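Show me how the following folds:
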Amino acid sequence: MGHLFQTFHPHMTGCKCDDAPPLPCTDAPSTDWMPYDNRVKFETTEFLFTCNQMSAKQIDTLLNLWAATLIKHNNAPPFANHKDMYATIDAIPLGDVPWKMFSMYPPQIVCDMLANPAFDRGIEYSPYCDYTSDWAWNQDLIAKSQETYGLTFVPLIIGSDKTVVSVATGQTEYHPLYLSIGNIHNSIVLIGFLAIPKCRYPHLLFWSLAKIFKSVKPFMETPNITCFPDGHFQRTIYGLGPYIADYPEQVLLSGVVQNWCLWCLANSKDLDGGQPCLHRRKVYTELLIKQLTYKQVWQEDGIIGDLPFTNYYAQADIHKLLSPDLLHQIIKGTFKDYLVDWVENYLNITHGACRAAEIMDDIDRRIAAVAPFTGLQCFPDGHGFQQWTGDDSKALMKVYLAAIECHVPQYMVCTFGAFLDFCYLVWREALTETDLVQIQDALDRFHKYWEIFKTTGTVTTFSLPHQHSLHHYILLIRLFGAPNGLCSSITESKHIKDMKEPWHHSSRFKVIGQILLTNQHLDKIAAAHADFEACGMLHGSCLSEAFKSDDDVDMALECLPWHLQFHEPQNQYIEIDTGDILDGPAVIESHVKLAVTPHELSQLFLGKLTIFNSAAALFYAPSDLSGTGGMRWEHIQATPSWHGGPRRNDCIFINMGANLDSPMGGLTVAWVLCFFSFSNRTSHYPCAVVHWYSHVLKGHDPDTGMYIVTPTTNNDVTPDVSIIHVDCIFHATHLIPVYGPDFIPIISLHDSYDMFNSYYVNKYLDHHSFEIA
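Sure thing, here's the model as predicted:
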């Protein structure tokens, strides 16, 4: 990935402004559950309200059933009813930032974030210029003032995402507004609602944002004394940072006309012209609005004639703050809405409707025949369904390339390959100068090959905002770093938790008020949880806490008539197997161990052979869904019945050492047939039975960019099978058949590895596979 380095800012150094020892996280003793009487009451509240978001009626039903079991013991459940539980939540003294006119007070939200002890080891005190990002570094007006030397710069990351919940009438609709700060990771809160008129003039949007962030403006010029997670106080100064939104909202925010570029002055009718254009700047926009008429700036420069809300802040320029949007610009936009649709259009133009439908059916059969894998969505009916989500598009990207090969021209396949390379490069958790060179190369190849869609008459122009935005990714990466952390998928997932779920559990009467109250309660519970955890009051479970005074907790638990027994699920039917994230320190080397529970026992000679259905690989994968240290568990299956259905046997990478002449640098591919272990004297041997695969080509396939492997056989044409130690396993991999030019019959995904002669090593399975293959 290139050399990684960080150069910290010489002036905004994040120095403490107090010499005293840090303040305690809370004044309460470690046994004070105020306002709760005990831990059971708090965890009951957290389980019912936060984890399940149970309705008031269901809470009352559960408490009544609970009370019925306790009457004979002259006891009562933690709460009398839902009103009792809600009143206790209201009494929590923490996280109490009131809502006022559909918004909260941003400075108080930021102070609560910075003081949260949960972020003690994950906060950045000083801006740094690393291998890419340098926006926070270049806050000139702040850094050049001697009064700000030694302070902590706090960039406000803002995001908004239109809600589908109808909570307004007339010509307005509400959009939830979210806030995070650049000093910490994975913390975003709902702070307000934006009223946006259903018209092309966003005056009300600008006014709403200016009103909400008016309270922040004084702290952009004068430092504020703020308590940090370590208990010390520091001088902080705020600045408007990246804004996360999809293209329609970015258009409204920037005051740019629809179908024009948000970052440069390229004409909307010639976005694919290829000529360099001047970048949009607020000074230039202000000058045009003053000198020209509304009609002129609209038609010639794509400006609606109103100044964005950021123009009222000295350091803020909306055209420099709009972040790249991987979800809508790349996944849903360029891939699903354009490239996939263009393939279908090409087939209709070239072959006619009847033949095109037959080819599309075969493409769907190919997609449906892809073998299952951890975290990979299955498409039993292909990709022809109506309601597409971002997750559907992501899943299709992983398997689509191999499905269309031989049905479309070579350059179309190369177009998809170059585009997918671009996607997986910009999705990396960290990007270096070497990565930026590779991104530019992938983008150049994409623009070279996509001309095939014009020459075949599929499209007449590439003047499309989503695809044009790819030109600006390198510049935006240099400003903000890897765009993986500034994607609208973050606000969409938050929207589900903070908007959709509270709405579905509401009474539908004055819904917006109920949503605000629910979010306020959720904030209070989260703040209480952080406080109790900082005091060491949440170690173990409620049950272990109840038995902590006993000499032998395990014995006490065993005596209970309802003592829990843990077993592997036998008949649960789940099509998608998901990996696990693991919180903890990063470990670069991969590690594999067999499942805890053996499947069966059998006698082998004088010893016992234990057969396992799966093994778990632990490896470092920070660009994928992983824990705080970038670590991830992935389960490798070798089971005769997957959740009561057909068998499932995954493929793996095996580390054969650097001396192996392999295109993948010492790694080779094999198909796991069985996991087992045995003991010989004092040694224990966890093993796997594998069927070896060999490379067809010495490098990547020139069209798809993936390695091709084939199952190997012995001289007598029997499968080449061996027994290996599990320590040789790097982690799981995924293979997609090389389908060839012929149509395929309907094939079960569980039979995929038995039906074809050669396979692609799917490097688009996830980001870790992309790094390896």
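
which strands and helices sit next to whichever strand or helix holds Thr61?
Element membership of Thr61 [criterion: DSSP states H and E] is helix 56-70. Helix 56-70 sits against helix 82-90, with contacts defined as 3 or more Cβ pairs under 8 Å, 6 or more residues apart in numbering; DSSP states H and E. For every residue, glycine as well, the C-beta is placed using N, CA and C.

From the contact counts, what lies against the longest helix belonging to the chain?
Using DSSP state H to assign secondary structure, the helix with the most residues in the chain is helix 341-368. For helix 341-368, the elements it packs on are helix 390-404, judged by 3+ Cβ pairs under 8 Å, 6+ apart.

Other residues contacting the helix it packs on?
327, 331-332, 335-336, 340, 343, 363, 366-367, 370, 376-377, 379, 383, 385, 412-413, 416-417, 420, 423, 489, 492, 704, 706, 736-739, 760, 762, 764-766 (Cβ atoms under 8 Å, 6 or more residues apart in numbering).

Check which element follows that helix along the chain.
Next in sequence after helix 390-404, counting helices and strands by DSSP H and E, comes helix 410-426.

Tell me what angle the longest helix of the chain forms with helix 410-426.
Using axes from the mean of the first three to the mean of the last three Cα atoms, to 10 degrees, the interaxial angle of helix 341-368 with respect to helix 410-426 works out to 80 degrees.

avg pLDDT for helix 341-368?
Along helix 341-368, the predicted confidence averages to a pLDDT of 93.

Buried residues, that helix. List them.
Judged by neighbour count using 16 or more other Cβ atoms under 10 Å, the buried positions of helix 341-368 are 342-348, 356, 359-360, 362-368.

try stretch 104-123
Using 16+ other Cβ under 10 Å, the residues of stretch 104-123 that count as buried are 104-107, 109-119, 123.

Between the two ends of it, how far is it?
Length of stretch 104-123, first residue to last, Cα to Cα, to the nearest Å: 23 Å.

mind exporting the helix or strand containing Ser180 as CSV, just the C-alpha atoms?
Mapping Ser180 onto the secondary structure by DSSP H and E places it in strand 172-181. Only the C-alpha atoms of strand 172-181 are listed here, as CSV (Å, rounded to 0.1, in the frame of the first residue of the first chain):
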residue,chain,number,x,y,z
THR,A,172,-42.4,21.0,2.9
GLU,A,173,-40.9,17.7,4.1
TYR,A,174,-38.5,17.1,7.0
HIS,A,175,-35.0,15.8,6.6
PRO,A,176,-33.0,14.5,9.6
LEU,A,177,-29.8,16.4,10.2
TYR,A,178,-26.8,14.5,11.8
LEU,A,179,-23.6,15.7,13.4
SER,A,180,-20.3,14.1,14.2
ILE,A,181,-16.8,15.4,14.8
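
by contact count, what packs against that strand?
Other helices and strands packing on strand 172-181, by 3+ Cβ pairs under 8 Å, 6+ apart, are helix 106-115, strand 152-160, strand 189-197, helix 203-212, helix 488-495.

Let me have the ones you listed in a markdown table, extended by mean pLDDT.
What follows is those, written out as a markdown table (pLDDT from 0 to 100):
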| stretch | mean pLDDT |
| --- | --- |
| helix 106-115 | 86 |
| strand 152-160 | 87 |
| strand 189-197 | 76 |
| helix 203-212 | 82 |
| helix 488-495 | 77 |
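
Take these and write them to a markdown table, including distance to Thr455.
Below are the helices and strands packed on strand 172-181 laid out as a markdown table (distance: least, Cβ to Cβ, whole Å):
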| stretch | distance to Thr455 |
| --- | --- |
| helix 106-115 | 52 |
| strand 152-160 | 40 |
| strand 189-197 | 42 |
| helix 203-212 | 42 |
| helix 488-495 | 34 |
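
Looking at those, which one is packed in the most?
Between those, the one whose residues have the most neighbours on average, counting mean count of other Cβ atoms under 10 Å, is strand 152-160 (a mean of 24).

and the angle from that strand to helix 488-495?
For the pair strand 152-160 and helix 488-495, the angle between their directions (the same axes, to 10 degrees) equals 80 degrees.

what lines up beside strand 152-160 in the sheet?
Using DSSP bridges, the strands paired with strand 152-160 are strand 172-181 (antiparallel), strand 233-244 (parallel).

In CSV, please show the C-alpha coordinates belonging to that strand.
Written as CSV, here are the backbone C-alpha positions of strand 152-160 (Å, rounded to 0.1, in the frame of the first residue of the first chain):
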residue,chain,number,x,y,z
THR,A,152,-7.5,21.4,19.6
PHE,A,153,-9.3,21.8,16.3
VAL,A,154,-12.7,20.2,16.2
PRO,A,155,-14.2,19.8,12.6
LEU,A,156,-17.9,19.4,12.6
ILE,A,157,-19.0,16.6,10.1
ILE,A,158,-22.6,17.2,9.0
GLY,A,159,-24.9,14.9,7.2
SER,A,160,-28.5,14.9,6.0
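
Just the angle for it relative to helix 203-212, thanks.
Angle of strand 152-160 versus helix 203-212, following the same axes, to 10 degrees, is 150 degrees.

What angle do helix 106-115 and strand 152-160 make with each other?
Using the same axes, to 10 degrees, the direction of strand 152-160 lies 120 degrees away from that of helix 106-115.

chain center to strand 152-160, what's the gap?
Relative to the mean C-alpha coordinate of its chain, strand 152-160 is positioned 19 Å out (Cα atoms, centre = their mean, to the nearest Å).

ends of stretch 74-86, how far apart?
Start-to-end, stretch 74-86 (Cα to Cα) is 24 Å.

for it, which positions count as buried?
Residues 77-79, 82, 85-86 are the ones in stretch 74-86 that count as buried (16+ other Cβ under 10 Å).

how about the residues you listed in a markdown table, adding pLDDT?
Rendered in a markdown table, the data for the buried residues of stretch 74-86 read as follows (pLDDT from 0 to 100):
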| residue | pLDDT |
| --- | --- |
| Pro77 | 92 |
| Pro78 | 91 |
| Phe79 | 93 |
| His82 | 92 |
| Met85 | 93 |
| Tyr86 | 92 |
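
Which pair of those residues spans the longest distance?
For the buried residues of stretch 74-86, the maximum inter-member distance is 15.1 Å, found between Pro77 and Tyr86 (Cβ to Cβ).

hmm, back to that, of all the buried residues of stretch 74-86, which comes closest to Ala528?
Minimum distance to Ala528 across these is 13.3 Å, recorded for Met85 (Cβ to Cβ).
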